[in-house]
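>>> Using only what follows, build the 3D model:
(chains A and B)
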Amino acid sequence: ILNVEQSPQSLHVQEGDSTNFTCSFPSSNFYALHWYRWETAKSPEALFVMTLNGDEKKKGRISATLNTKEGYSYLYIKGSQPEDSATYLCAFGGATNKLIFGTGTLLAVQP
Amino acid sequence: DAGVIQSPRHEVTEMGQEVTLRCKPISGHDYLFWYRQTMMRGLELLIYFNNNVPIDDSGMPEDRFSAKMPNASFSTLKIQPSEPRDSAVYFCASSEGGLEQFFGPGTRLTVL
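Modelled structure (predicted):
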């Protein structure tokens, strides 16, 4: 059974703080690692798809890194804003197009 | 593009009734995925299609669940008969090439 783990489970930060979360995934049969942002009462929205070891992606204040050899990815948010409050999901994609999702990190940014 | 469209957005039904959830993927996308989200199990893949053909249905909980994709622009997920434990949010997602997936707004199903 493939296991995708995310930590921490939840995080409360003040506006302006920078933060990061971890996603651990199987290092074998790796094809892609996805990060999604999921706001309450909405649907998951793709942030990044990463396929190469050492990949770094950036979108505004959010960035992600990938280490496929050791099976982890970090998501960073610089200068958190209240609108960043959401659940951040990572998903492991193996040789098939099937995604295995982690349980997410719930981020709450207090103004 | 309107994005992935799902209907209905909310469904309340009684145990034993048949429920049909509908999905229209983004035009041109060749992959379609059905997911279920529950508090206990998070987001789990039920089934996915490539070019309208079911590829992996290993996540379908049991025979009461069935899914079809009669053409490139429409898919259904049917539960017959429904049970209270089927209550969840059901998401449909589509993808071009199978990589980045775009999710619909979901259908919140409540089975009484």
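>>> from what I can see A:Ser7 touches A:Leu106, true?
No. The pair A:Ser7 / A:Leu106 is not scored as a contact, 11.7 Å apart, by C-beta atoms under 8 Å. The way it works is simple: take the backbone N, C-alpha and C, and place the C-beta from them, glycine included.
>>> Which one's more surrounded, the two?
More crowded of A:Ser7 and A:Leu106, by other C-beta atoms under 10 Å in any protein chain shown: A:Leu106, with 18 against 13.
>>> Check the gap between that one and A:His12 for me.
From A:Leu106 across to A:His12, the span is 9 Å (C-beta to C-beta, to the nearest Å).
>>> how about the spatially most central residue of chain B, secondary structure?
Nearest to the mean C-alpha position of chain B, counting by C-alpha atoms, centre = their mean, stands B:Trp34 at 3.5 Å. Here B:Trp34 is recorded as strand under DSSP: H, G, I helix; E, B strand; the rest coil.
>>> ok, what's across the strand from it?
In this entry, B:Trp34 is beta-bridged to B:Ile47, B:Cys92, by DSSP bridges.
>>> Kindly report the residues of chain B close to chain A.
Within reach of chain A by C-beta under 8 Å from any C-beta of the partner chain, chain B has these residues: B:31, B:33, B:42-45, B:48, B:50, B:55-56, B:91, B:95, B:98-106.
>>> Out of those residues, which end up buried?
The neighbour-count test (16 or more other C-beta atoms under 10 Å in any protein chain shown) marks B:31, B:33, B:42-43, B:45, B:48, B:50, B:56, B:91, B:95, B:98-99, B:101-106 as buried among the residues of chain B next to chain A.
>>> Check the burial of A:Cys90 by counting its neighbours.
31.
>>> Could you report the pLDDT at it?
Looking at A:Cys90, its pLDDT is 95.
>>> State the distance from it to chain B.
11 Å (C-beta to the nearest C-beta, to the nearest Å).
>>> Report all helices and strands that the helix or strand containing that residue contacts.
For A:Cys90, the element it lies in under DSSP states H and E is strand A:86-93. For strand A:86-93, the packing partners by 3 or more C-beta pairs under 8 Å, 6 or more residues apart in numbering or on different chains; DSSP states H and E come out as strand A:5-7, strand A:32-38, strand A:72-77, strand A:99-101, strand A:105-110.
>>> The first one: how far from the chain's middle?
Taking C-alpha atoms, centre = their mean, to the nearest Å, the mean C-alpha location of strand A:5-7 is offset from the chain mean by 9 Å.
>>> what's the model's confidence in that strand, averaged?
96.
>>> Pull up the pairing partners for it, direction included.
strand A:19-24 (antiparallel).
>>> per-residue confidence at B:Tyr35?
Reading off the model, B:Tyr35 has pLDDT 96.
>>> next one: A:Leu2
Per-residue pLDDT puts A:Leu2 at 69.
>>> again, but for A:Thr96
Listed pLDDT for A:Thr96 reads 74.
>>> distance of the closest residue in space to it that isn't next to it in sequence from B:Val89?
Nearest residue to A:Thr96 in three dimensions, chain neighbours excluded: B:Asp56, at 6.5 Å (C-beta to C-beta, 6 or more residues apart in numbering or on different chains). Separation of B:Asp56 from B:Val89 (C-beta to C-beta): 21 Å.
>>> One more: A:Leu75?
Distance, A:Leu75 to B:Val89, by C-beta to C-beta: 23 Å.
>>> Counting neighbours, go ahead and name the busier of those two.
Neighbour count, other C-beta under 10 Å: between A:Leu75 and B:Val89, A:Leu75 has more, with 24 against 17.
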